[in-house]
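In: Give me coordinates for this.
(chains A, B and C)
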Amino acid sequence: MERDGDAVEWLRRVGVGRGVRVGVAIARGAGLGIAGPDGSELAVDVDDPAAVVARIETVLRPRWVWWSIETTTMLVDAGVRIGACWDIAVVHRLLAGGWRADPALVWATLRELPLESIPVSRPLDLFTQAEPEMGDPEHPMRPDGYLRPDWVDGSWAERPERLARWAGLAAQAATLQEGHLSTAEQTHAVATARAESTAELLCAELAAGGLPMDRDEAERIIAGFVGPRPRTDADAIAARRRRDDEVLRHAPRGAPVDLRNAAQVKSMLWRAGVDVPDTRAWRLQAVRDHPLVDALLTWRKAERIATTFGYGWIDTFVGTDGRLRGQWSSADGAAGRMTATAGLHNMPADLRPAVRAEPGHVLVRADLGQIELRVLAAVSGDRALVRSTAAGDMYAPVAAQIGVDRDTAKVAVLGAMYGQTTGHGAAVLPRLHQSYPAAMRLLEAADEAGRAGRDIRTHGGRLIRLGAHTPEHDVDDPDEAGLRDARARAAARGRYARNAVIQGAAAELFKVWAVTVRARGAELDARIVLCLHDELLVHAPASCGSAVADLLERCLHEAAHRWSPDSGVHFVADISVLERWSDATH
DNA sequence: ATCGTAGGCGCC
DNA sequence: AAAGGGCGCCTACGAT
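Out: Alright, predicted model coming up:
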């Protein structure tokens, strides 16, 4: 191991250039460690490790390898703009499923050591003895192959030499992970791993940057639903009372009703002559001509604003700079879609006029058209379905092919992807099978795996864990209700798996698109400010609006090619340059 | 008092 | 015969 020296020169010497993986470990106040592709390590004792990383990034543009989100956050907070990374925790979740992805588990998994025996550090007390040291405590790995618990718990960050070894270990872990990905049956799992890693970086930037909001406009919209901002608690209670009374004055006389209690609402409706199995909005919509029901539905909408997207929401999540900030996760625990808190992913359409470009800027919005159906074509390779992706509106050729109207075709296709087999769609399901056999087989195979409790992988190689669930035939001696229950659960797992292969693959393509836009948009000063499953919102200088729109389109085709090079599937996006998010013609 | 669950609803 | 997936966030309620 070397110490200090010029990091850029050292990395050049060990063969690092654009896209070459470089292990890195940083800790404020303790410097940084970096590791080259040949296994050599360099310890750098500096006060500002982020600045060193930034300089290396500018000159060499490597692919940074790190253990987890802490490094990502530290660099983003320091304002360092990283081009490409390999996030070991993110790749571990992709390969192995589950959420836990700390270095001890990742390393034991990669070394194929028993996971039950991963050592943990226990505080010393009267009943435990200090463990005898195994091997050299200055090295992160014990002779038995496991990582030292004290290193995992944070002593890797104590000195530059340790940081260098930690970085070297990260580089080794990434190489092992790449090996596993390459031998998986998925051909493009390595590309997915890279994109998923960089998506995690994008998430840190989204959390730091936020979504530009027009606070006054947001408050105006909220006021329209729930009245002006209450000045006192008594004010708030009175306003709430007034909203409740608008519903209750239509209610039959009798016991007082708490509108926030579904059971009481249901019985109130029954007393008013409305008999419903539950009080969900889509069910009540059918009987909206009843004044009580209409008042209740109006109340629910306002209540949503009052409780979730009201003044409190603004105060909590919109900063003084007018940016709405939440936490972002690059892959949920199920199929791997991005998630966000602070209402970023479920902001009511009514509030979207308040999402607005800053002065001198525009929002460029792009959303993918029929992404799940196109993804189904790509992952199944169904020849007929792939051909129909040439159309801007895929449902047109599909409807023509199976001989039904467009709406029926759409319901049938969505039903097949989500596991719904009743209603209009189910009737034409046999025709879907006839016309698109490979696509339907893929969905059925996933469904079957889900029912049987067999793990599956998405197109990009993400493990969907299904094995922890008991298959129905394994339940011993069930009673009738128990059997019905077990079957219902198995069917639910089937639907889950059926959906996961599509939703998960769509999420992978989306992230490749997003990180491509992130990379190519930098020179236009275009920043992604929102990712919404099939939609990107980019904030850019007004002079770049049309250039960014073109970029989004080009990046989509580049991403599709990278994610699924030989599928021949055509992806489409609806792209517009806007001042407000809501200005899009929809 | 703190926790998990259920019903509900927003978005995709 | 019947069966729609995911997420976050709210409230009420029952268990601990």
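In: which residues touch the spatially most central residue of chain A?
Out: Residue closest to the mean C-alpha point of chain A, counted by Cα atoms, centre = their mean, is A:Met338 at 1.0 Å. By Cβ atoms under 8 Å, 6 or more residues apart in numbering, the contact list for A:Met338 reads A:199, A:203, A:328-332, A:507, A:510-511, A:531, A:533. C-beta: built from backbone N, CA, C; applies to glycine.
In: tell me the mean pLDDT over stretch A:404-419?
Out: The average pLDDT for stretch A:404-419 rounds to 88.
In: That one near DNA strand B anywhere?
Out: No: if you take Cβ under 7 Å from any atom of the strand as the test, stretch A:404-419 misses DNA strand B, and the best it gets is 10.1 Å.
In: Mind listing what's buried along that stretch?
Out: For stretch A:404-419, the neighbour count (16 or more other Cβ atoms under 10 Å) marks A:404, A:408-413, A:415-419 as buried.
In: surely A:Leu269 meets A:Arg280?
Out: No: using Cβ atoms under 8 Å, A:Leu269 is not in contact with A:Arg280; the gap is 11.9 Å.
In: quick one on the thing from earlier: going by neighbour count, which of the contacts of A:Met338 are buried?
Out: A:199, A:203, A:328-331, A:507, A:510-511, A:531.
In: wait, which of those residues is closest to DNA strand C?
Out: A:Ser329 (6.4 Å; Cβ to the nearest atom of the strand).
In: distance of the residue nearest to that closest one when sequence neighbours are not counted from DNA strand B?
Out: The shortest distance from A:Ser329 to any non-neighbouring residue, by Cβ to Cβ, 6 or more residues apart in numbering, is to A:Thr339 (4.6 Å). Separation of A:Thr339 from DNA strand B (Cβ to the nearest atom of the strand, to the nearest Å): 9 Å.
In: one step back: for the buried ones among the contacts of A:Met338, give me TSV that also has pLDDT, secondary structure and distance to DNA strand C.
Out: TSV is the format used below for the buried ones among the contacts of A:Met338 (pLDDT from 0 to 100; DSSP: H, G, I helix; E, B strand; the rest coil; distance: Cβ to the nearest atom of the strand, whole Å):
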residue	pLDDT	secondary structure	distance to DNA strand C
A:Ala199	96	helix	15
A:Cys203	95	helix	12
A:Trp328	94	strand	10
A:Ser329	93	strand	6
A:Ser330	94	coil	12
A:Ala331	92	coil	10
A:Ala507	95	helix	10
A:Phe510	96	helix	12
A:Lys511	96	helix	15
A:Cys531	96	strand	13
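In: Counting neighbours, what do you get for the residue of the stretch 251-400 of chain A found nearest DNA strand C?
Out: Nearest to DNA strand C in the stretch 251-400 of chain A, going by Cβ to the nearest atom of the strand, is A:Thr341, at a distance of 3.0 Å. Using other Cβ atoms under 10 Å, A:Thr341 has 13 other residues around it.
In: Quick check on it: phi, psi?
Out: Dihedral pair for A:Thr341: phi -100, psi -170, per degrees, to the nearest 10.
In: residue contacts, it?
Out: A:326-327.
In: May I ask which helix or strand encompasses A:His539?
Out: strand A:535-541 (DSSP states H and E).
In: Indicate whether that strand makes contact with DNA strand C.
Out: No: contact of strand A:535-541 with DNA strand C (Cβ under 7 Å from any atom of the strand) is absent, the minimum separation being 11.9 Å.
In: Name the residues that touch the helix or strand just after that strand?
Out: The helix or strand immediately downstream of strand A:535-541 is helix A:545-563, counting by DSSP H and E. Helix A:545-563 has contacts (Cβ under 8 Å, 6+ apart) with A:188, A:191-192, A:195, A:362, A:364, A:366, A:368, A:459-460, A:508-509, A:512-513, A:516-517, A:520-521, A:524, A:526, A:536, A:538, A:540, A:567, A:569, A:571, A:573, A:575-577.
In: cool, and stretch A:526-537?
Out: A:202, A:205-206, A:209-212, A:328, A:337-338, A:340, A:344-345, A:355, A:363-368, A:371, A:506-507, A:510, A:513-514, A:517-518, A:521, A:538-541, A:544, A:548, A:551-552, A:581.
In: And the residue of the stretch 1-150 of chain A that's closest to DNA strand C?
Out: For the stretch 1-150 of chain A, Cβ to the nearest atom of the strand, closest residue to DNA strand C: A:Trp99, 10.4 Å.
In: That residue and A:Gly333 touch, don't they?
Out: Yes: assessed by Cβ under 8 Å, A:Trp99 is found in contact with A:Gly333 at 5.7 Å.
In: Need the overlap of contacts for the two.
Out: By Cβ under 8 Å, 6+ apart, no residue touches both A:Trp99 and A:Gly333.
In: Could I get the CA-only coordinates of stretch A:204-223 as PDB?
Out: Taking Å, rounded to 0.1, in the frame of the first residue of the first chain, the C-alpha atoms of stretch A:204-223 are listed here in PDB:
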ATOM      1  CA  ALA A 204     -29.300  11.300  -3.500                       C
ATOM      2  CA  GLU A 205     -29.300  14.200  -5.900                       C
ATOM      3  CA  LEU A 206     -33.100  14.300  -6.100                       C
ATOM      4  CA  ALA A 207     -33.200  14.400  -2.300                       C
ATOM      5  CA  ALA A 208     -30.700  17.200  -2.100                       C
ATOM      6  CA  GLY A 209     -32.100  19.200  -5.100                       C
ATOM      7  CA  GLY A 210     -35.800  18.900  -4.600                       C
ATOM      8  CA  LEU A 211     -38.700  19.800  -6.800                       C
ATOM      9  CA  PRO A 212     -39.300  23.400  -7.600                       C
ATOM     10  CA  MET A 213     -42.600  24.600  -6.200                       C
ATOM     11  CA  ASP A 214     -44.600  27.800  -6.300                       C
ATOM     12  CA  ARG A 215     -45.500  28.100  -2.700                       C
ATOM     13  CA  ASP A 216     -48.100  30.800  -3.100                       C
ATOM     14  CA  GLU A 217     -49.800  28.800  -5.800                       C
ATOM     15  CA  ALA A 218     -49.800  25.700  -3.600                       C
ATOM     16  CA  GLU A 219     -51.300  27.600  -0.700                       C
ATOM     17  CA  ARG A 220     -54.000  29.100  -3.000                       C
ATOM     18  CA  ILE A 221     -55.000  25.600  -4.200                       C
ATOM     19  CA  ILE A 222     -55.100  24.300  -0.600                       C
ATOM     20  CA  ALA A 223     -57.200  27.200   0.500                       C
END
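In: quick one: buried residues of it?
Out: In stretch A:204-223, counting by 16+ other Cβ under 10 Å, buried: A:204-207, A:209-214, A:218-219, A:221-222.
In: touching DNA strand C at all, that stretch?
Out: No: if you take Cβ under 7 Å from any atom of the strand as the test, stretch A:204-223 misses DNA strand C, and the best it gets is 12.1 Å.
In: chain center to that stretch, what's the gap?
Out: On the basis of Cα atoms, centre = their mean, to the nearest Å, stretch A:204-223 sits 20 Å off its chain's mean C-alpha point.
In: Need phi/psi at the residue nearest to A:Ser329.
Out: Torsion angles, degrees, to the nearest 10, at A:Thr339: phi -130, psi 160.
In: Going C-terminal from the helix or strand harbouring A:Ala108, what's the next secondary structure element?
Out: Counting by DSSP H and E, the element that carries A:Ala108 is helix A:103-110. Following the chain from helix A:103-110 toward its C-terminal end, the next helix or strand by DSSP H and E is helix A:149-152.
In: what's the model's confidence in that next one, averaged?
Out: 94.
In: That helix - contacts with which helices or strands?
Out: The contact analysis (3 or more Cβ pairs under 8 Å, 6 or more residues apart in numbering; DSSP states H and E) places helix A:149-152 against helix A:103-110.
In: now for the helix it packs on, which elements pack on it?
Out: helix A:88-96, helix A:149-152, helix A:160-183.
In: need the contact list for A:Pro149.
Out: A:104, A:119-121.
In: any idea how far A:Ile305 is from whichever residue of the stretch 101-250 of chain A sits closest to DNA strand B?
Out: Of all residues in the stretch 101-250 of chain A, A:Phe225 sits closest to DNA strand B, at 11.0 Å by Cβ to the nearest atom of the strand. Look at A:Phe225 and A:Ile305: by Cβ to Cβ, to the nearest Å, they are 4 Å apart.
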